[in-house]
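**Student:** okay, predicted coordinates and the sequence, questions at the end:
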Amino acid sequence: MPKITKVSAQQKRKRYNIFVDGTYRFSVSPDTLAKFVLVKGAEFTDDELNKIQSAEQDNKLYTLALNYLSYEPRTVSEVTTYLTEKEASEDQIEQVLAHLIDLNLLNDEHYVELFINHNFAVGQDGPVKVKSKLLAKGIAPELTEVIDDADERYLDLAEKVIRSLSKKQGKLASRELAQKMRQKLMQHGFVNDQINEVINFEVDEEQEQEALKIQGIKAYKRYRKDQQRIIRYLVQHGFSYSQAQAFANGEVIPFDELDEY
């Protein structure tokens, strides 16, 4: 019967080399060493040694998975992909996953809850993008049904997303500003009802007139007295044709004063 003839500690890692009948057979962790009492002189059949080696591999994969989970919460799919990259077999992956799920260290429902709450705390994603990100992480579609489009917290989040744009009232035409806000909110995954409610601001005529002056000056500096190009520029930037024409005609700021800007 095969006999362990030497057990030596590895210098740089907490592992032990196992020699059987004078030949290196495999290395094990301290847990496996103690569990199977792998000491010099112990005898095992080849089948038993193969089972020990298999158990050590399972333990190694489990340790790798624990380490992977220690950095941040993961989904079942992410852990599966990680272990696959470590060349684990399907059976080994199933065993590790089952163990982690049994200990509640891996729970996709809980992951979804954490992900949603974290987004409300520090994120900027609307429900559409939250769902998309969860699906990309391998979460089952039915588990994303808890994402509530009507959750009022999304309105606070949407306002946060467009806060910097809100400061541009009086610098951009209200129409252009609303368009930029809508585009940004759509990019962040908010739905139409949320977008419409957040950008439903009243047009301040004084701010609109100030924005016309700011954008009109830019147009004048670029095109000088080419009225048609000035009008086209202002219309493209959200002003009405009559507003653009008034500026191009010198009715907002006399042309002889524009050179001072």
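**Tutor:** Arrived safely. Owing to the predicted nature of the structure, the values given are computational and were not obtained by experimental measurement.
**Student:** output the below-cut-off pLDDT ranges for the protein.
**Tutor:** 261 (pLDDT under 70).
**Student:** one more pass at 50, please.
**Tutor:** Within the chain, not a single segment meets pLDDT under 50.
**Student:** which residues of it fall in helices?
**Tutor:** Secondary structure of the chain by DSSP state H: the helices cover 30-35, 46-71, 76-85, 90-102, 108-122, 127-136, 153-161, 163-166, 174-187, 192-198, 205-223, 227-236, 241-248, 255-258.
**Student:** tell me which of these sits nearest to Ile4.
**Tutor:** The closest approach between Ile4 and any of the helices of the chain, judged by Cβ to Cβ, belongs to helix 46-71 at 9.1 Å. Using the backbone N, CA and C atoms, a C-beta is placed for each residue, glycine as well.
**Student:** okay, the angle between that closest one and helix 90-102?
**Tutor:** Angle between the axes of helix 46-71 and helix 90-102 is 50 degrees (criterion: axes from the mean of the first three to the mean of the last three Cα atoms, to 10 degrees).
**Student:** buried residues, helix 46-71. List them.
**Tutor:** Neighbour-count burial for helix 46-71 flags 49, 52-53, 56-62, 64-65, 69 (criterion: 16 or more other Cβ atoms under 10 Å).
**Student:** and that helix, what other elements does it pack with?
**Tutor:** For helix 46-71, the elements it packs on are strand 23-28, helix 30-35, helix 76-85, helix 90-102, judged by 3 or more Cβ pairs under 8 Å, 6 or more residues apart in numbering; DSSP states H and E.
**Student:** and of those, who's closest to Ser166?
**Tutor:** The nearest among the helices and strands packed on helix 46-71, by Cβ to Cβ, is helix 76-85 at 37.0 Å.
**Student:** contacts for that closest one, please.
**Tutor:** Applying Cβ atoms under 8 Å, 6 or more residues apart in numbering, the set of residues contacting helix 76-85 from outside is 61, 64-65, 68-69, 74, 92-93, 96-97, 100-101, 106, 108, 137-139.
**Student:** how does it look with 7 Å?
**Tutor:** 61, 65, 68, 93, 96-97, 106, 108, 137-138 (Cβ atoms under 7 Å, 6 or more residues apart in numbering).
**Student:** quick check: buried residues in it?
**Tutor:** 76, 78-80, 82-83.
**Student:** do the same with stretch 141-154
**Tutor:** 143-144, 147, 154.
**Student:** what do you get for stretch 12-32?
**Tutor:** Under 16+ other Cβ under 10 Å, the buried positions of stretch 12-32 are 15-16, 18-20, 25-29, 32.
**Student:** ok, stretch 165-176 next?
**Tutor:** In stretch 165-176, counting by 16+ other Cβ under 10 Å, buried: 165, 168-170, 172-174, 176.
**Student:** all good on my end, thank you.
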